[in-house]
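J.: Quick one, fold the following:
(chains A and B)
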Amino acid sequence: MQEFVHFLQHDVLARISPPLGALPDQIVLLGAILVGAAPIVAFMAVIAMAWTYGERRIAGFIQARYGPNRVGPEGVLQPLADGIKLLAKEDIAPAGADRPLYELAPLLVFVGALLPFVALPFSEKWVISSMAAGVFYVLAFEAIEVIGIIMAGWAPNSKWSLYGGMRLAAQMVAYEIPMGLCLLTVVALAGTLNLGQICQMQGGAFGVGNWMVWPWVSPFATLAFFMFFVGGLAATKRAPFDLPEAESELVAGFHTEYSGIRFAFFFMAEYAAMYVVCAVATVCFLGGWHGPFREWLAPAAGAPTISDLLGKAVQVKTADGAWFVWANLWGALSVLGKWAFWKPMLYELLGAFYLIAKSFFLLFVMVWMRWTLPRIRIDQVIYMCLKVLLPFSLLCVLGAAAQTVFTDWNLLHWLLSAGK
Amino acid sequence: MDDHPTVLQELRERFGAGAVSVQPTRDGVPTLWVSKELAPDVLRHLKAGVARPYRMLYDLTAIDERMRANRDGQPPSDFTVVYHLLSFDRNDDVRVKVALRGDSPSLRTITDVWPAADWYEREVFDMFGVRFEGHPRLRRILMPPTWVGHPLRKDHPARATEMGPFQLPDAKQDVEQEALQFRPEEWGMRRRSETADFLFLNLGPQHPGTHGVLRLILQLDGEEIVDMVPDIGYHHRGAEKMGERQTWHTYIPYTDRIDYLAGVMNNLPYVMAVEQLGGIDAPARAQTIRVMLCEIFRICSHLVWYGTFAQDIGALSPVFFMFNDRERALQIIECICGARMHPNWFRIGGVAQDLPRGWDKLVRDFLAYMPKRLVEYDRIVMKNRLFQARTRGVGAYTLDEAIEWGVTGPGLRACGFEWDFRKKRPYSGYDQFEFDIPTATHGDCYDRALVRIEEIRQSLRIIEQCVNHMPEGDYKSRHPLATPPLKERTMRDIETLITHFLGVSWGPVIPPGEGFAGIEAPKGNNGYYLVSDGSTWSYRTRIRTPSFPHLQMAPLICRGALIADVLAVLGSIDFVLADVDR
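T.: Prediction:
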């Protein structure tokens, strides 16, 4: 960390302007975090906005009506208009609310939805942190949301919120278990917790042959995929598991008493959480960035990477600050003209396209289900989790473990000889 | 008729010849006066003592007799409490009247005979100030607890303009706000049991799941309903009181607004009751038009129910499809009547206008379109496994409970009892039509839904027969009391002109008497009990609506269920708050 801060101070900031290089470590670090977080927040916001619009248009299509189609061409600017509206709304809190908790809750939910993006790959090389325990990390931070929502349920001093919060707590905590077990199935088969590595091994024929979800790879993973998706619906409180905000019962559940930008946080967090679940499902089961024709663009062994190219291009060094930036910018731009740059770039872009497209397809299925299915009751939700998903996901883990053992002779031999 | 002894003979045998006196009425329902001391015993005897008993308390109301001029042969009375009982075995009714004297009358409650009498007695207390001794919780039901006076008494003003300006001084505001404080004890609920503190949840009066301004007080242990108390009256508009100040004719638009989903279906029992009092017969064409429009409205009402029921269960899309189809049906209504939800189309003696040119094409198009949609709805709603999981075995009641609590309509038929007033007591020419009475067996939410959906199909059958066999002839009776009178001869002879003038300006003078007409409305049995004092307006208009007893029964089937089930039950009952509160 210290090294990174020093690098920023000496090699970047000081070169732009010497006084900048004299900034204290803490400020530099904070700035770096903010600059680094901005793209994630932006990506999350764009996904949330795109899907509020998408959901409403799809709902309109399903329900034989239009949906938003007035703001901008085909209504695509509707989420912006909504965002402005929500920002401009009066900030109302109920009289008996527990103010600190009330204000903290939406932020916590938002952060809980944001953090999984850190470990989530967008493409083969485009991942913020390719951490070894990626699966674990994503699951853990998805669960932070629960705390925020329990707070949101408790803080406004409203019984509707309380019921929504309690329902969600019961539901999410329950469904964490089968969801975790379903991912464990994949982990057992892949032998790693790293999301990138799990994804990497799923290429196969034509980029689709080796996806975890295919029964010939592992029938247990096939089953686990569907159970993970069902669990994901429950964890993101989507129909038929939308009890925490069941309109006809609980008015709006845990966010009944929230309006304006606080409500927007919940809303964005919901869509971000949906994307995370779908992206994890895509990475773990649906081959992530793998897809047809992508291998054609695969870089040959030893070919320069994008960062190599960029590194070469920005070697221009001048002594005095101001020109440095522009010269390097020019160097960076000049790279854009080279096929050697575009080939790996397209390779990554196509990967990102496949990953996001598959995730969006799953999101579409979620939306589709919401506008089609009725809601189930809380006892049925828990029944479904504990008596259906849990046993079957355990079965999947055991099956996957057995499959790993029996298809790996070395491991089997080691296990059999371990007792001697 | 048959060789069974009449109800009068049976009662005289049991209670002595002097105990019961008879009053003739226009509707032919045996109307018997008994003393206030004897009344509960007579009612109990009629319910349990006689062969082929009167098992259902169909209606319970009162009449303020103090201003009534034409009471020939009736015992002296200031307030008359009227019990209307129904016997399914006899397919007959009996009306028991009890004369009460004085300004603060009282008599014994019959809640121990019929639990359904609870709300009815509270309503009579609220509206007339008649006290029912021994009633478990005799509080106001439709009016706010702070209301002064009893609205259906003749000395209570009917219009706000008769009441002086409204003022809300601080002292009054404090009283009003104090009255709004929630104390579980007042609603007959305990705050805690040995093992748990209960949580009280106000579902409504503004809530997306209650289909209108209904307040349900839920006593909860976790998500489980310990008890539920409906608080009604938020939609009360004094429809019965208005009946006493509008002319016979100008009251028709008010009836539209009782069950606002059923449109002209509300006109029908009212005009039938008035026609009964006036001795008017509607011509065959008018009757068939009425049947056709009523059945179209039955489909409209059931479609709204279908969609909102699915929405209560959490399926958000079906309601849009059903409203689209209702729109198609309402377009037919609009072409024929000119209005959609409140067409106000039936008249005393017929309907307002003849059918427009080309009406049959519209109806035939709808008949061709609708059945396919119903098949699709079966697929997306009724055959959905989640939907079935939410509705099967939820909110079930037995046939005995249904009869005990005064359930009529699809709710009764869902218990397996084939009882439809269109078949059992055909009115408006329903005996001329071929249709089946759909029934189901379990009496749960799912079965009530099944019955209604099958009723839509049967209604389509009836409408088809109407289109194919629409009789020619007058659309309105030529009877002088038919309103507004036919105009074609007014410019030829002065007598017709005078009759027309009076009929339009004052409205018809209906001869004194009492009459009742009930029909099979979409939600159950809807009936109008009219008392004429020989005037241009009704002396007493009693509207017996199905939603009132049905909603009263909801707590019975919700206890022990979960919050989500309450919404399923409410949806499956299919009530309209305007129909409950009137």
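
J.: May I ask you to name the longest helix in the chain?
T.: Chain wasn't specified; assuming chain A. In chain A, ranked by residue count with DSSP state H as the criterion, the top helix is helix A:25-62.

J.: actually it's chain B I care about, not the one you picked
T.: Longest helix in chain B, counting by DSSP H: helix B:284-313.

J.: That one near chain A anywhere?
T.: Yes: Helix B:284-313 is in contact with chain A by CB under 8 Å from any CB of the partner chain, via B:Ala310, B:Gln311, B:Asp312, B:Ile313. Just so you know, the C-beta spots here come from the backbone N, C-alpha and C atoms, and that holds for glycine as well.

J.: buried ones in the longest helix of chain A?
T.: Across helix A:25-62, burial judged by 16 or more other CB atoms under 10 Å in any protein chain shown covers A:28-29, A:40, A:43-45, A:47-60, A:62.

J.: ok, which of those also contact chain B?
T.: A:Ala59, A:Ile62.

J.: which bits of chain B sit near chain A?
T.: Within chain B, the residues that sit near chain A (CB under 8 Å from any CB) are B:199, B:201, B:207-209, B:223, B:310-317, B:320-321, B:324, B:380, B:384, B:386-387, B:389-390, B:562-567.

J.: the helices in the stretch 451-582 of chain B, which residues?
T.: Along the stretch 451-582 of chain B, counting by DSSP state H, counting those that start in this stretch, helices occupy B:494-505, B:547-558, B:563-573, B:577-581.

J.: which one of those helices has the lowest average pLDDT?
T.: Per-stretch mean pLDDT for the helices of the stretch 451-582 of chain B is lowest at helix B:494-505 (a mean of 82).

J.: what sits up against that helix?
T.: Around helix B:494-505, the neighbours that count as contacts under CB atoms under 8 Å, 6 or more residues apart in numbering or on different chains are B:Pro480, B:Leu481, B:Ala482, B:Thr483, B:Pro484, B:Pro485, B:Lys487, B:Arg489, B:Thr490, B:Met491, B:Pro508.

J.: Can you select the buried ones from those residues in PyMOL?
T.: Filtering those down to the buried ones (16+ other CB under 10 Å) takes a single PyMOL command:
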select buried, chain B and resi 480+481+482+483+484+485+490+508
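
J.: one step back: so which of the residues of helix B:284-313 next to chain A wins on neighbours?
T.: Tallying neighbours with other CB atoms under 10 Å in any protein chain shown puts B:Ile313 at the head of those, with 32 neighbours.

J.: Let me see the contact set for that one.
T.: With CB under 8 Å, 6+ apart, B:Ile313 has these contacts: A:Ser248, A:Pro374, A:Arg375, B:Phe387, B:Arg390, B:Thr391, B:Leu567, B:Ala568, B:Gly571.

J.: Model confidence for it, exactly?
T.: Looking at B:Ile313, its pLDDT is 86.

J.: circling back to that earlier point, could I get the helices of the stretch 451-582 of chain B as a markdown table with distance to B:Lys97 and mean neighbour count?
T.: Compiled in a markdown table, the helices of the stretch 451-582 of chain B are given as follows (distance: least, CB to CB, whole Å; neighbours: other CB atoms under 10 Å in any protein chain shown):
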| stretch | distance to B:Lys97 | mean neighbour count |
| --- | --- | --- |
| helix B:494-505 | 32 | 14 |
| helix B:547-558 | 20 | 23 |
| helix B:563-573 | 31 | 26 |
| helix B:577-581 | 25 | 25 |
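
J.: for the ones you listed, which one sits closest to B:Phe182?
T.: Comparing the helices of the stretch 451-582 of chain B against B:Phe182 with CB to CB, the closest turns out to be helix B:547-558 (17.1 Å).

J.: What helices and strands are in contact with that closest one?
T.: helix B:117-128, strand B:224-231, helix B:563-573, helix B:577-581 (3 or more CB pairs under 8 Å, 6 or more residues apart in numbering or on different chains; DSSP states H and E).

J.: how about those, which one is nearest A:Glu145?
T.: The closest of these to A:Glu145 is helix B:563-573. By CB to CB, the value is 23.1 Å.

J.: Using CSV, lay out the contacts of helix B:494-505 together with pLDDT.
T.: Listed next are the contacts of helix B:494-505 as CSV, based on pLDDT from 0 to 100:
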residue, pLDDT
B:Pro480, 76
B:Leu481, 79
B:Ala482, 79
B:Thr483, 74
B:Pro484, 76
B:Pro485, 73
B:Lys487, 75
B:Arg489, 76
B:Thr490, 78
B:Met491, 81
B:Pro508, 84
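
J.: Restricted to strands, list the contacts of helix B:494-505.
T.: The members of these all map outside strands under DSSP state E.

J.: quick one on the thing from earlier: closest to A:Leu243 out of the helices of the stretch 451-582 of chain B?
T.: Checking the helices of the stretch 451-582 of chain B against A:Leu243 by CB to CB gives helix B:563-573 as the closest, at 7.4 Å.

J.: Can you name the residue of chain B nearest chain A?
T.: For chain B and chain A, the shortest gap (CB to the nearest CB) falls at B:Gly314, measuring 2.5 Å.

J.: Pretty sure that residue sits against A:Ala239.
T.: Yes: B:Gly314 is within contact range of A:Ala239, at 6.5 Å (criterion: CB atoms under 8 Å).

J.: any common contacting residues for these two?
T.: Taking CB under 8 Å, 6+ apart as the criterion, B:Gly314 and A:Ala239 both touch A:Leu373, A:Pro374, A:Arg375.

J.: how close does the residue lying farthest from the centre of chain B sit to B:Leu486?
T.: What lies farthest from the middle of chain B is B:Arg492; by CA atoms, centre = their mean that is 43.2 Å. Distance of B:Arg492 to B:Leu486, computed by CB to CB, to the nearest Å: 12 Å.

J.: now do A:Ile376
T.: For A:Ile376 relative to B:Leu486 (CB to CB), the value is 59 Å.

J.: These two - which one has more neighbours?
T.: Counted by other CB under 10 Å, A:Ile376 and B:Leu486 do not tie: A:Ile376 has more neighbours, with 24 against 20.

J.: OK, contacts around that one?
T.: A:Ile376 makes contact with A:Pro240, A:Phe241, A:Leu243, A:Met384, B:Gly314, B:Leu386, B:Ala389, B:Arg390, according to CB under 8 Å, 6+ apart.

J.: For the third one, which non-adjacent residue is closest in space?
T.: Spelled out, that is A:Leu243. Leaving aside its chain neighbours, A:Leu243 sits nearest to A:Arg167 (4.8 Å; criterion: CB to CB, 6 or more residues apart in numbering or on different chains).

J.: Determine the next helix or strand in the C-terminal direction from the strand or helix carrying the one you found.
T.: For A:Arg167, the host element (DSSP states H and E) is helix A:159-190. As assigned by DSSP H and E, the chain's next helix or strand after helix A:159-190 is helix A:195-200.

J.: Name the surrounding residues that touch that next one.
T.: By CB under 8 Å, 6+ apart, the surrounding residues in contact with helix A:195-200 are A:119-121, A:124, A:127, A:130, A:134-135, A:138, A:186-187, A:190, A:192, A:212, A:280, A:283-284, A:287-290.

J.: Please repeat the previous calculation with a cut-off of 6 Å.
T.: With contact meaning CB atoms under 6 Å, 6 or more residues apart in numbering or on different chains, helix A:195-200 is reached by A:Pro121, A:Val127, A:Ser130, A:Gly134, A:Ala190, A:Val283, A:Cys284, A:Gly288.
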